[in-house]
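S.K.: quick one, what's the 3D model for this:
(chains A and B)
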Amino acid sequence: MSAVLQNLVNQPYKHGFVTEIESDIAPKGLNEDIIRLISTKKNEPEWLLSFRLKAYQKWLAMTEPEWQNVHYPKIDFQSISYYSAPKLKQKLASMDEVDPELLRTFEKLGVPMHERAALAGVAVDVIFDSVSVATTYKEKLAEVGIIFCSISEAVQNHPELIQKYLGSVVPVGDNYFAALNSAVFTDGSFCFIPKGVKCPMDLSTYFRINTEGSGQFERTLIIAEEGASVCYLEGCTAPRFDTNQLHAAVVELIALDNADIKYSTVQNWYAGDENGVGGIYNFVTKRGLAKGINSRISWTQVETGSAITWKYPSCILRGDNSVGEFYSVAVTNNYQQADTGTKMIHLGKNTRSTIVSKGISAGHSNSSYRGLVRITPTAEGARNYSQCDSMLIGDQSGAHTFPYIQVHNNSAIVEHEASTSKIGEDQLFYFSQRGIDAEEAVSMIINGFCKDVFQQLPMEFAVEATKLLSFKLEGSVG
Amino acid sequence: MIDKNSRAILSVQGLRASINGTEILKGIDLTVKSGEIHAIMGLNGSGKSTFAKVLAGHSAYEITGGSVQFEGNNLLELPPEERARSGLFLAFQYPIEIPGVANTQFLRLAYNTVQTKRGKEELDPLEFDDFVREKMKLLEMNPDFLDRSVNEGFSGGEKKRNEILQMALLEPTLSILDETDSGLDIDALKTVASGVNQIANKNNAMILVTHYQRLLDYIVPDFVHVMQAGRIVMTGGKELALELETRGYDWVNANKSVTGVIA
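M.R.: Residues are numbered from 1 along each chain as shown, chains lettered A, B, ... in the order given. As a prediction, the model looks like this:
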C-alpha cells in the first residue's frame, strides 16, 4: 500500500460539529417508566402505549443477535438516554419560527428547510435527535390528498391509519432491535399516498443525531394505496463523539395493488475516527410489503457511515406479479464494519426480485453481504437475479458474502453472480502513466464499480453519493 | 529522421535500479535526441522492460544510482503522473484492465489532464468524441471501443491498439513502447506500426523495447542497442538488429568486447 492510497481514505468527517441548543433530555436508562414518560410527552393514545409496552416485554425476553459478522463490546442499554428533544416554542406556525440555530445546522448540512430555498421539488421532514422539527411543502401535498408529516403528528391527526399499519410489516417482536425501537421510538416520518395519486415531488427525511449519549430510534411508515407511487429519500449525519451512539430505526413500507414505492438512502452517520474510536452503531430494520398485485418496492442504499452497520432492507412479495428490488453500495474504511444485504421473500405468483450489491472495503474495515432469497411453494413462476460484487482497497480489509437461497417451488428461476476485485498498484500506475493522479483514479474506478446502483438514485442524490464516495475514500489508495 | 537541429530529450547516465533488493539495472547510459527512434533488444530478463518501467516511475523499483534528465528536468524527482504530463509515455507490455470505466471517459480524462498541463483548452465530451474518432481511424479501430470498459475483454491486438491510440491522443515527446509487437499477428503489427510511424516526427522520439527484429521491419530505428544483464553492451545502426536475428545473442557475447560500445 503506498502512501497515496492511505491518504486518500483518511479524510476528515465534515458533518462532525455539535449544535449548541438547549435540549429536553430524559434520564438515562430503560424501563417501563421511561416508556410511559415518552408516551406522555408525546400525548399518545392508550393503544400506542400498550404497543410500546408489549414490545418492551418482548425485548426483555430476547437476546442480542450474535450471528452477524461484526464485533463490538456489549451495548449497555441502561446508559443511553431514550429521549432528547431541542427545546422549542410550543407550536410552530410556520418555518420562520424554527430556532435559527437549528436552521443554521441544517443549512450547514445542505438540507433545505425553507420552501423558497428548497431544491426544486423536494419536500423535507427534518428529524433532530428524537423529534421532527420541520416538514416542508405539507400544504401543497395535502392538496392532492398526500399526508406527509412526522409520525408523532400522524398519531394525533390520523390515528386510524397508524393503528392499522404500524407494526403490520415489522411486528413488535420481529427482532431484538426492532422490538427496542417499537418500545421507545420517538419520531420519524409518515407518508400516505392515496389511491391513484402519483406523488408530484420527491419526499425526503433528514435525520440528525446531535446530543451525546442519546440514541436515535425513529420510525418511518409509508403507505401507497392502489395505483399510487412515491419516491422517498433519506439522509443522515451525526456529530463526532468519542463514545458510540445507538441508532435503531424501523422503516415499514406498504404497497397496495399497482402501487410503487422507491426508497433511497444515503447514510453518512459518523463512522468513528481512524483508530475506530466512536461512531454510530446502526442497527436498522427496513421492510417493504408488496401487498397488492403488480406492486413494486425498490430499495436503493448508499451506506458510507456508521462504525457498525446491520441492516437488511427487505421485500415481502405477496401480491401476484409484484416486484422487489435492492440496490446497494456499502463503503467501509478504517475500522468500520458493515453486515448488510436484503431478504426477498417470494409468496405471490410470477413475483420478481433483483439484488445488486456492491461492497467496497478499505483500511482495516470489513464488509459483508448477507442476503436471503426465499421462493415459497405458492410462488409459481418466481424469478430472482442477484449480483454481489466486492472491491478491496489495500491489503488489510476484508469482504465477505453470505448468500442464502431457499427454493421451494421448482418453477423458480434463481440466478446468483458474485465477484471480488481489488484496486491494484498496477491499475493506479496505469492511470498515473496517463497523467491521472491517484485520487481521480480511485474515484473513477469506484464510480465505475458502483454505476449500476448510482443509476437508480435520483439525480441530486447520485451526484451527492459520487462526491461522498470520493471524499470517503480519499487517502485510501497508494 | 536525424536532424542537425535535434535536441537531447532524454539523457540517462549510469542508471542503476533494483527490486526487492535485487539489482536489475547495472549502469545504463543512453542519450535520445528529438527525431530519433531507438530500439532496445535483449533476451528475457536482460532488464529492458525494467528500464522502461523505471523511466515511467513504477514504484516497485528503487533507484540505486545514476541520473536521468528529461527535457532538461531531473526525471527521477517527478512522480509518475508528472512524468506523463511532461510528455513521457509508456505503451504497456500488458495493458491493465479497468472494469466499469468506459474507455472514452478514461481517454478524455487523460487527454484533458495533459492538455491542462500544456496550457491548452480541455475538450467537452462531444468535442472529444469527434477528436478521438478521427484518431481511431489511424489505427483502424472500431468506435465500439469507446463504450467498452478500459481494456476489459480486449484481445491482445485490441489492447495494443488502444495503447497506440492513447499515444496518438497524448502526443508525447518521448514514447517508450514496451514489447508492443508481442501477441500481434502480422496484420495487426502492420496497422500498429503504421500508426506509430504517423505519430513519429522530428520533434519527438521513441524507444522501442523488443525481443524480435520483426517489428523493426516496419518501424525502422536509427539506433539499435543490445541489453544484457542490466547493461547496454552493444550499439549499432538498424543493421545490428538483422545481424542479431541471424547470428543470435551468443554472437553478442563473443563480440561485445571486440565491437565495443558505439554509444
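S.K.: going forward, measure contacts between C-alpha atoms and count neighbours the same way
M.R.: OK.
S.K.: grab the longest helix from chain A for me.
M.R.: helix A:438-454 (DSSP state H).
S.K.: is chain B within reach of that one?
M.R.: Yes - judged by Cα under 8 Å from any Cα of the partner chain, helix A:438-454 and chain B are in contact via A:444, A:445, A:447, A:448, A:449, A:451.
S.K.: for the second one, which non-adjacent residue is closest in space?
M.R.: Taking Cα to Cα, 6 or more residues apart in numbering or on different chains as the measure, residue A:445 lies nearest to residue B:101, with 6.3 Å between them; neighbours along the chain are not counted.
S.K.: pretty sure that neighbour contacts residue B:150?
M.R.: Yes - the pair residue B:101 and residue B:150 qualifies as a contact (Cα atoms under 8 Å) at a distance of 6.1 Å.
S.K.: where's the strand or helix carrying residue B:160 relative to the chain centroid, distance-wise?
M.R.: In the assignment (DSSP states H and E), residue B:160 maps to helix B:156-170. With Cα atoms, centre = their mean, to the nearest Å as the basis, helix B:156-170 stands 12 Å off its chain's centre.
S.K.: which residues of chain A lie near chain B?
M.R.: Checking chain A against chain B by Cα under 8 Å from any Cα, the hits are A:426-427, A:429-437, A:444-445, A:447-449, A:451.
S.K.: pLDDT on the helix or strand residue A:326 falls within, on average?
M.R.: Per DSSP H and E: residue A:326 is located in strand A:323-332. The pLDDT scores in strand A:323-332 average 94.
S.K.: got the angle between the helix or strand that that strand is followed by and strand A:323-332?
M.R.: Where DSSP H and E defines the elements, the next helix or strand beyond strand A:323-332 is strand A:337-346. If you take axes from the mean of the first three to the mean of the last three Cα atoms, to 10 degrees, strand A:337-346 sits at 170 degrees to strand A:323-332.
S.K.: neighbouring strands of the following helix or strand past strand A:337-346 in the sheet, and parallel or not?
M.R.: Tracing the chain past strand A:337-346, the next element assigned as helix or strand by DSSP H and E is strand A:352-361. Take DSSP bridges as the rule and strand A:352-361 pairs in its sheet with strand A:323-332 (parallel), strand A:383-393 (parallel).
S.K.: for chain A, what are the nearby residues on chain B?
M.R.: B:56, B:58, B:80-85, B:89-90, B:95-102, B:109-110, B:113-114.
S.K.: keep only those of those that are in strands.
M.R.: B:89, B:90, B:98, B:99, B:100, B:101, B:102 (DSSP state E).
S.K.: ranking the residues you listed by neighbours, who comes first?
M.R.: The most crowded member of those is residue B:89, carrying 27 neighbours; neighbours defined as other Cα atoms under 10 Å in any protein chain shown.
S.K.: which residues does that one contact?
M.R.: Contact analysis of residue B:89 by Cα atoms under 8 Å, 6 or more residues apart in numbering or on different chains lists A:433, A:434, B:56, B:167, B:172, B:173, B:174, B:175, B:176.
S.K.: can you check residue A:401 too?
M.R.: Residue A:401 neighbours (Cα under 8 Å, 6+ apart): A:368, A:369, A:370, A:388.
S.K.: can you check residue B:189 too?
M.R.: If you count contacts by Cα under 8 Å, 6+ apart, then residue B:189 has B:181, B:215 around it.
S.K.: pLDDT at residue 253, what is it?
M.R.: In the absence of a named chain, this looks at chain A. 98.
S.K.: meant chain B, my bad for not saying
M.R.: pLDDT for residue B:253: 79.
S.K.: check which helix or strand it maps to.
M.R.: Going by DSSP H and E, residue B:253 is in helix B:249-259.
S.K.: my guess is residue A:307 meets residue A:331, correct?
M.R.: No - counting by Cα under 8 Å, residue A:307 sits too far from residue A:331 to count as a contact (11.3 Å).
S.K.: so which residues of the stretch 51-200 of chain B form helices?
M.R.: Under the criterion DSSP state H, counting those that start in this stretch, helices of the stretch 51-200 of chain B are mapped to B:80-85, B:103-117, B:125-138, B:156-170, B:186-199.
S.K.: and among these, the most buried is which?
M.R.: Of all the helices of the stretch 51-200 of chain B, helix B:80-85 has the most neighbours on average by mean count of other Cα atoms under 10 Å in any protein chain shown, namely a mean of 24.
S.K.: mean confidence for it?
M.R.: Here helix B:80-85 scores 96 as its mean pLDDT.
S.K.: likewise stretch B:12-27?
M.R.: 95.
S.K.: just the buried residues of that stretch, please?
M.R.: By neighbour count on 16 or more other Cα atoms under 10 Å in any protein chain shown, the buried set for stretch B:12-27 is B:12, B:13, B:14, B:15, B:16, B:17, B:18, B:23, B:24, B:25, B:26, B:27.
S.K.: tell me the one among those residues nearest to residue A:180.
M.R.: Ranked by distance to residue A:180 (Cα to Cα), those are led by residue B:18 at 60.6 Å.
S.K.: the closest one and residue B:64 touch, don't they?
M.R.: Yes - if you go by Cα under 8 Å, residue B:18 and residue B:64 touch, sitting 6.9 Å apart.
S.K.: nearest to chain B: which residue in the stretch 151-300 of chain A?
M.R.: Chain B sits closest to residue A:300 of the stretch 151-300 of chain A, with a gap of 19.4 Å, by Cα to the nearest Cα.
S.K.: done for today, thanks.
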